[in-house]
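Trainee: This is a predicted model, with the sequence first.
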Amino acid sequence: MHIAIAGNIGAGKTTLTTLLSKHFKWTPHFEDADDNPYLNDFYEDMQRWSFNLQVYFLNSRFGQVQKIRNSGKTVIQDRTIYEDAYIFAPNLHAMGLMTTRDYNNYFALFKLMESFISPPDLLIYLRASVPTLVKQIEKRGREYENTINIDYLKRLNERYEAFISSYEEDHKDAKLIIIDVDHNDFNEDQEDLGIIINKINAEINGLF
């Protein structure tokens with residue numbers, strides 16, 4: 001089974017992936033931010049490195065999905081391939097940080113890859129307001145994230161909401177759980193984490 005967690009920068013995807021993998025004994029697949037050869041350059045010069053970064057993410061996550069489906073295990077994935085294609089890449093294009101030529105090339109590559117994969121059996125979306133995202137980004141203190149501005153996070157949040165709405169329409173059989181991170185501190189509060197676990201159990205029991 002393939003479980004995936006979606007959410008904006010700082011929403012708590014990695015934290016929740018870790019907590020749920022330990023609780024359910026699932027195999028975690030994390031976003032390798034520290035090993036990404038483009039991330040630092042991207043945050044210093046988004047226009048120059050946006051296409052390179054997005055192709056790297058696309059390739060990486062396509063490979064992850066293939067491994068997950070072939071593993072025979074229940075795997076929980078930190079961020080999905082859909083977020084790159086429907087949120088981050090079009091946002092960069094809309095901001096003038098990726099050329100139309102590069103964006104069209106990128107999206108055509110994504111559509112080809114998408115034809116070879118299935119959506120997650122369960123998608124967990126972490127919904128968080130911009131103040132919550134800023135607070136959590138500052139808390140983890142990654143140097144390359146210091147230049148992220150509020151307007152950028154706001155634009156991404158708007159795209160996430162549009163993506164989740166269309167995801168429900170486009171994937172009728174796919175299961176979706178939405179967690180309001182502003183009112184659920186799953187990292188610090190065991191009761192809040194328990195609420196998420198109960199929701200997951202309810203959805204998973206309906207998968208079989």
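Mentor: Structure's in. What do you need?
Trainee: just the helices in the protein please.
Mentor: Secondary structure of the chain by DSSP state H: the helices cover 13-24, 39-44, 46-71, 81-83, 89-94, 100-114, 130-140, 150-170, 190-205.
Trainee: Where does pLDDT dip in this protein?
Mentor: The model of the chain has pLDDT under 70 over residues 33-34, 141, 144, 146-147, 206-208.
Trainee: now the residue nearest the centre of it: how far from P28?
Mentor: With distances taken as CA atoms, centre = their mean, R79 lies nearest the centre of the chain, 2.7 Å away. Note on R79: its distance to P28, by CB to CB, to the nearest Å, is 12 Å. C-beta here means a position set from N, CA and C on the backbone, and glycine is covered the same way.
Trainee: residues touching the residue nearest to the centre of the chain, list them.
Mentor: Applying CB atoms under 8 Å, 6 or more residues apart in numbering to R79 gives the contacts 4-7, 13, 31, 61.
Trainee: run the last query once more with 7 Å
Mentor: 5-6, 13, 31 (CB atoms under 7 Å, 6 or more residues apart in numbering).
Trainee: cool, and I148?
Mentor: 9, 137.
Trainee: Can you tell me how far it is from G194?
Mentor: Distance check for I148 against G194: by CB to CB, it reads 31 Å.
Trainee: hang on, the earlier thing: among the contacts of R79, name the buried ones.
Mentor: Burial by neighbour count, 16 or more other CB atoms under 10 Å: within those this picks out 5-6, 13, 31.
Trainee: okay, these in CSV with distance to P120 next?
Mentor: Conversion of the buried ones among the contacts of R79 to CSV gives the following (distance: CB to CB, whole Å):
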residue, distance to P120
I5, 9
A6, 9
K13, 13
E31, 15
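Trainee: from the residues you listed, which is closest to K199?
Mentor: The nearest member of the buried ones among the contacts of R79 to K199, counting by CB to CB, is I5 at 12.9 Å.
Trainee: which ones are touching that closest one?
Mentor: Counting by CB under 7 Å, 6+ apart, I5 has contacts 13, 16-17, 76-79, 124, 126.
Trainee: Please report the distance of it from Q136.
Mentor: 14 Å.
Trainee: distance of the residue nearest to T132 when sequence neighbours are not counted from I124?
Mentor: The shortest distance from T132 to any non-neighbouring residue, by CB to CB, 6 or more residues apart in numbering, is to D182 (5.2 Å). Distance, D182 to I124, using CB to CB: 16 Å.
Trainee: Tell me which residues touch Y38, please.
Mentor: Taking CB under 7 Å, 6+ apart, one finds 49, 52-53, 56 in contact with Y38.
Trainee: so how many other residues sit close to the closest residue to L122 other than its chain neighbours?
Mentor: In space, and not counting its chain neighbours, L122 is closest to K175: 4.4 Å by CB to CB, 6+ apart. For K175, the neighbour count with other CB atoms under 10 Å is 18.
Trainee: before we move on, back to that, which one of the contacts of I5 sits closest to Y106?
Mentor: So of the contacts of I5, ranked by how close each gets to Y106 (CB to CB), first place is R79, at 16.9 Å.
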